[in-house]
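Peer 1: starting from these lines, generate the structure:
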Amino acid sequence: MARYPEAGSSTAEVAVLLPAVAILLAVAAGAGAVGGQQVRIQQAASAAARELARGTAASEAIGTAHRIAGERISVSCGESGGYGRVVVRSAVQLPLLGDIELRAEASARHENLP
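Peer 2: Take a look at the predicted model:
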């Protein structure tokens with residue numbers, strides 16, 4: 001029976017590459033989480049700004065932002081120069097990098113202005 005000098009080498013290669021593959025998967029999952037949350041908070045900011053432009057109370061606009069992006073966001077509303085402005089902030093926790101702060105901003109012109 002012949003002996004193969006490379007027996008078990010594929011097991012060693014997998015053992016060496018496994019941590020790199022795990023890190024790559026964690027980074028990909030984190031990027032997806034960050035991207036998804038950024039889209040949600042941008043949609044929330046846009047919807048809240050549209051409500052302010054229609055003359056809705058700021059508390060209702062903030063409620064709309066929370067319904068779209070969840071309760072773990074921070075929303076600030078303001079009005080200046082005939083525009084309603086909304087800023088939404090959120091944090092995403094990533095396994096290797098910690099918390100990443102996200103920010104979305106939207107403004108809309110008041111509808112009752114000429």
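
Peer 1: tell me what Ala106 is bridged to.
Peer 2: Val86 (DSSP bridges).

Peer 1: tally of neighbours for it?
Peer 2: Residues lying near Ala106 (other CB atoms under 10 Å) number 22. Using the backbone N, CA and C atoms, a C-beta is placed for each residue, glycine as well.

Peer 1: for it, what are its contacts?
Peer 2: 42, 45-46, 48-49, 85-86 (CB atoms under 8 Å, 6 or more residues apart in numbering).

Peer 1: from these, which is closest to Ala108?
Peer 2: Ala108 has its nearest neighbour among those in Ala49, at 4.2 Å by CB to CB.

Peer 1: assign a three-state SS to the closest one, would you?
Peer 2: helix (DSSP: H, G, I helix; E, B strand; the rest coil).

Peer 1: so it sits against Val87, correct?
Peer 2: No - Ala49 is not in contact with Val87 according to CB atoms under 8 Å; the separation is 9.7 Å.

Peer 1: neighbour-wise, which of these two wins?
Peer 2: Ranked by neighbour count (other CB under 10 Å), Ala49 and Val87 place Ala49 first, with 25 against 19.
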